[in-house]
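Colleague: sequence-free structure coming up:
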């Protein structure tokens, strides 16, 4: 049975995500401690795939994911999931709200339920711990009275759901990737995303030129994040997500242009967009437009036409 | 005496930074708990200025700083500092290396001294705490045997420096800003930086157009970071640092173009670059080039020439 | 009474044009021999304005007009006219078609009525002369049997119209300009054109940069013609027509950018478009967008906002 | 023996050019009456090649050449020549300067020797005729006293050279092309030119986009001329000359982009530049850069790498 590593422990949002991204009946799900460990498990072959958070609509990018993907042996994304972040408050069975003195969770989770806590559990002490699932276990152990967790936690532990969907931002989501070793990309669906890492030449306008290469091919840039290269302060590695699939001419053509222009470029995968919203490709950048143009140049070079 | 808030507690890298950015004999230095609190102190007038970390060469951008600067009443940067991150290991006087079982610090600091710890204190347990200064105090209190801290800590606490400059990356630096309420910018020095926040229109090529506006004016973009707007997943706010000063024509002209193009744009200050390396401004983007061009158009409009 | 010079002789398309461009009852119309003479008459003040052909939909640009406008004291266009080129065949009264052995006209006119001549006057000899009006006079003098002329000629000479509207291309037009010394431009109408001459820097991409400056401001380039500078083979002077008026921010801003970038730039006037088709100006390039942006930068410079 | 058509009559600058462009001992040189006839002779196969003037450093582009090349069956340039325009004044043997009352030539030639005529033959009447060689023959016939001609004329007719190199502009040159039916282009020399005709889409910025496609590939545009399409007033066909050869990746790639973007695009040949000045091709646009980039994309598509 194929193995899929995910950022553990069990009972977190990442486990919820991996259970959507792969069929849990057909995969062995393996929690590991760190994002780097997920990527390494895929690299070494210990796992066939891995599930990682990439960005959150409130907290932003997950730096550890970007750093792990950008250096070391290549891995590629083969699927993405955008998971609503719905927080649940769990307590030991029998705990009444007025008995709650402490509430534990991951700091990001605590930050995102602040208003609910003030309104519903005023005066409680919020305690930051390493994961939402760890908070749940600590409540089981009696260390804290309540935990803010992913919904999945109540299916795993004998804890009572005091309240659900308590996030201050009802639209909060986290985006996850399923990664694997490089291989054939998932087939194009018409609603695909391609992820890249690029380091530009060090001159005025270099990043502008990259984005113009995309814009001239009508390629929509859906995300641009920077991370330090760590080689020299002020040098950055850019993470680009664009709409389209490497199998498309316009994407392949743009990637070739970036390959020429960048001191470093890495393909991070072409995979179906989570929202399945088709990308409209119009002249002059349809595959047909590219094919005709390439054949025209080839025919001229063969001396067959002008 | 003017008051300068800084991200506390005392004894951290931020305190080291604020002591360079303002004259500590002429300013009351006020440690506050969070980055948001530093910005709020400046906004309310409780503090005249504030000192904040912006980015680190290893850890990258500081999201809390970006979020605090981007929304709420405007504040602007008036100075920057790039501080080498040199870690010190402190112990209670008399502690021998072989007696060290635990070492505490901020997680980023622990991550940046991992190699040194493995080589010099193999087998010790690393414990993450909220700040490097807090780790020092916990050592004083006897909670841990050693702490990884900023160099300044040994001038504040009766602790012994077991080792200095123990970071794995000798070139690690953190960049800090000194912020204040909007007002006249510091005078141009010829080696200035201007910081901006911008939200682009939601269409293919919108970000490319912004960068082209800069590139056409030969403006060097030294940093581009994204943060979620938190309004809608997939919408980002971009933080741009460019070389040059708002007093220069080419910068003012570019900012005006960005103002027209962006659904939101915020000026975050023009201030001397920490490295004091002059920006070469060449034709056709010198102030003289702009002045002549503007006067030419004005003369045509007055009907005086063609 | 103001004097208007025009490219003579009388009885040509240019006279037809000048009679539309100025009120013939309020102006003294002065035919001169060459395009250069029209421009010189305006430069010296001998004439208050001058009428010149600029381009024809079949023959293309009129090089002499471009060269005359590009060098020497500046003159500017204040109006344009697009005149349908409808050719008339005139003969002496009483001449029957079967008596016609020779037909005279300007070479361009002969080229544009070739099909009609072959179909209607097969076998006649076409003779090229210096102007359509000259051909008419030569018919009067008995030198030729017929002339191909502008319609106006039959109102001037005792000649009979054998046929009208005989051009092979029913849509043929010639565009004329009315020029004068530099002064206040005609007031903007919302459907204006601005003409320029520019010599770019001699480097790869210089012309692309000029056009990008226009495109970024959503300025429509309606015409781009090149003429040798005559200084060095391979150096060109470009004639640009764009939609918009120098009084508009977007046009003034673009012209200032061109002034900075070009080794030479000359304003050739802002004047109402002949077709009176309004130019749609949309955000982010409306005058309001520019005004707000400029005021924003000015307020920042004054220290009043961010 | 292969036949080369040229714009006649014999004894003109075009004959001088064709004698350099092809080996006159190995080719039958066929003078024809018009530029269109030269192109048609190549199209029908009556001639294997044809020689045409394209542009003159003083008079500018030759419209008839552009129009003939742009429509109809394709022909391509296979060589170019830049010929110094050195005018000679010829008279019948025995004619003394003070006996000269009339001087004949092509109007362009007369325009280019005006200063010399005023200084050396003041008071003579200049008469425009159809070609410089025709003027020479008319002098032979006794119609005029002198002719301004190409130097070659004195090797053809029993005329005396009164003066040589009498042009007002000593640097005047005319550029000629040798055309043939489409076939394999001449091999790249490292100093090549490629000629194109393009009609852009009808929207703001369309021409800018074309030029940006060239500029992004560091392709130097050496000439850009417009001609009316004759379909609709205000629509133009652009003639582009760029440095480089269709066999180069950067040129082929750019042409493919233009093919996609243009409503019409025609290849007019890749051929050695007359000045043989090598084109420097630097990263990121060398053939090696393109090959690597294309192979990288192909390998990703095959699933072999990232």
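Modeller: Structure's in. What do you need? What you see is a predicted model, and the numbers here were worked out from it, not measured in a lab. Numbers count the residues shown, from 1 in each chain, chains lettered A, B, ... in the order given.
Colleague: just checking, residue A:175 touches residue A:84?
Modeller: No: between residue A:175 and residue A:84 there is no contact under CB atoms under 8 Å: 11.1 Å. Backbone N, C-alpha and C define where each C-beta goes, glycine included.
Colleague: Which of the two has more residues huddled nearby?
Modeller: In terms of neighbours (other CB atoms under 10 Å in any protein chain shown), residue A:175 is the more surrounded of residue A:175 and residue A:84; the figures are 22 against 16.
Colleague: Which helix or strand contains that one?
Modeller: Residue A:175 is part of strand A:173-180 when elements are defined by DSSP states H and E.
Colleague: Touching that strand from outside, list them.
Modeller: By CB atoms under 8 Å, 6 or more residues apart in numbering or on different chains, the list of residues contacting strand A:173-180 from outside reads A:4, A:13-14, A:17-18, A:21-22, A:38-39, A:42, A:48-57, A:65, A:69, A:75-85, A:195, A:269, A:271, A:274, B:233.
Colleague: Make a PyMOL selection of whichever of those turn out to be buried.
Modeller: Remark: buried members of the contacts of strand A:173-180, expressed as a PyMOL selection using 16 or more other CB atoms under 10 Å in any protein chain shown:
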select buried, (chain A and resi 4+13+14+17+18+21+22+38+39+42+48+49+50+51+52+53+54+55+56+57+65+69+75+76+77+78+79+80+81+82+83+84+85+195+269+271+274) or (chain B and resi 233)
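Colleague: Just the ones of the contacts of strand A:173-180 in strands?
Modeller: A:4, A:49-56, A:76-84, A:195, A:269, A:271 (DSSP state E).
Colleague: Tell me how far the spatially closest residue to residue A:101 that is not a sequence neighbour lies from chain C.
Modeller: Residue nearest to residue A:101 in three dimensions, not counting chain neighbours: residue A:145, with 5.5 Å by CB to CB, 6 or more residues apart in numbering or on different chains. Using CB to the nearest CB, to the nearest Å, one gets 45 Å for the distance from residue A:145 to chain C.
Colleague: Count the residues that sit near residue A:145.
Modeller: Neighbours of residue A:145 (other CB under 10 Å): 20.
Colleague: Looking at it now. What's its pLDDT?
Modeller: If you check residue A:145, the pLDDT there is 96.
Colleague: tell me which element the one residue in the stretch 201-306 of chain A that gets nearest to chain C is part of?
Modeller: Proximity to chain C, evaluated over the stretch 201-306 of chain A using CB to the nearest CB, is greatest for residue A:212 at 9.5 Å. Element membership for residue A:212 (DSSP H and E) is helix A:206-216.
Colleague: Can you name the residues in contact with that helix?
Modeller: Residues contacting helix A:206-216 (CB under 8 Å, 6+ apart): A:198, A:200, A:221, A:238, A:240, A:242, A:254, A:257-258, A:261-262, B:204-205, B:207-209, B:211-212, B:214-215, B:221, B:224, D:209, D:212-213, D:216, D:257.
Colleague: could you redo the last one with a cut-off of 6 Å?
Modeller: Residues from elsewhere that reach helix A:206-216 (CB atoms under 6 Å, 6 or more residues apart in numbering or on different chains): A:200, A:221, A:254, A:257, B:205, B:207-208, B:211-212, B:215.
Colleague: How far does the helix or strand following it sit from its chain's centre?
Modeller: As assigned by DSSP H and E, the chain's next helix or strand after helix A:206-216 is strand A:221-228. In terms of CA atoms, centre = their mean, to the nearest Å, the centre of strand A:221-228 is found 12 Å from the chain centre.
Colleague: tell me the angle strand A:221-228 makes with strand B:221-228.
Modeller: 120 degrees (axes from the mean of the first three to the mean of the last three CA atoms, to 10 degrees).
Colleague: So for strand A:221-228, mean pLDDT?
Modeller: Mean pLDDT, strand A:221-228: 97.
Colleague: what's the spacing between the residue of the stretch 51-200 of chain A found nearest chain B and chain D?
Modeller: Relative to chain B, the nearest point of the stretch 51-200 of chain A is residue A:57 (4.2 Å; CB to the nearest CB). For residue A:57, the distance to chain D (CB to the nearest CB) stands at 27 Å.
Colleague: again with residue A:79
Modeller: Distance from residue A:79 to chain D, by CB to the nearest CB: 16 Å.
Colleague: Can you give me the pLDDT of that residue?
Modeller: The model's pLDDT for residue A:79 equals 98.
Colleague: Over to the one 5 residues further on?
Modeller: At residue A:84, the predicted lDDT confidence score is 95.
Colleague: Show me which residues of chain A sit near chain D.
Modeller: Residues of chain A lying near chain D by CB under 6 Å from any CB of the partner chain: A:74, A:76, A:182-184, A:246, A:252, A:255-256, A:259-261, A:267, A:284, A:289, A:293-294, A:296-297, A:300, A:303, A:305-306.
Colleague: Whichever of these end up buried, select them in PyMOL.
Modeller: Entered in PyMOL, the line below selects the buried ones among those, by 16+ other CB under 10 Å:
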select buried, chain A and resi 74+76+182+246+252+255+256+259+260+261+267+284+289+293+294+296+297+300+306
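Colleague: So which of the residues of chain A next to chain D sit within helices?
Modeller: Per DSSP state H, helices hold the following members of these: A:252, A:255-256, A:259-261, A:289, A:293-294, A:296-297, A:300.
Colleague: Helices of the stretch 1-150 of chain A, start to end?
Modeller: In the stretch 1-150 of chain A, the helices defined using DSSP state H, counting those that start in this stretch lie at A:13-21, A:35-44, A:63-70, A:107-112, A:114-120, A:132-140.
Colleague: Identify the residue spatially nearest to residue A:134, adjacent ones excluded.
Modeller: Here the residue nearest residue A:134, using CB to CB, 6+ apart, is residue A:9, at 6.4 Å.
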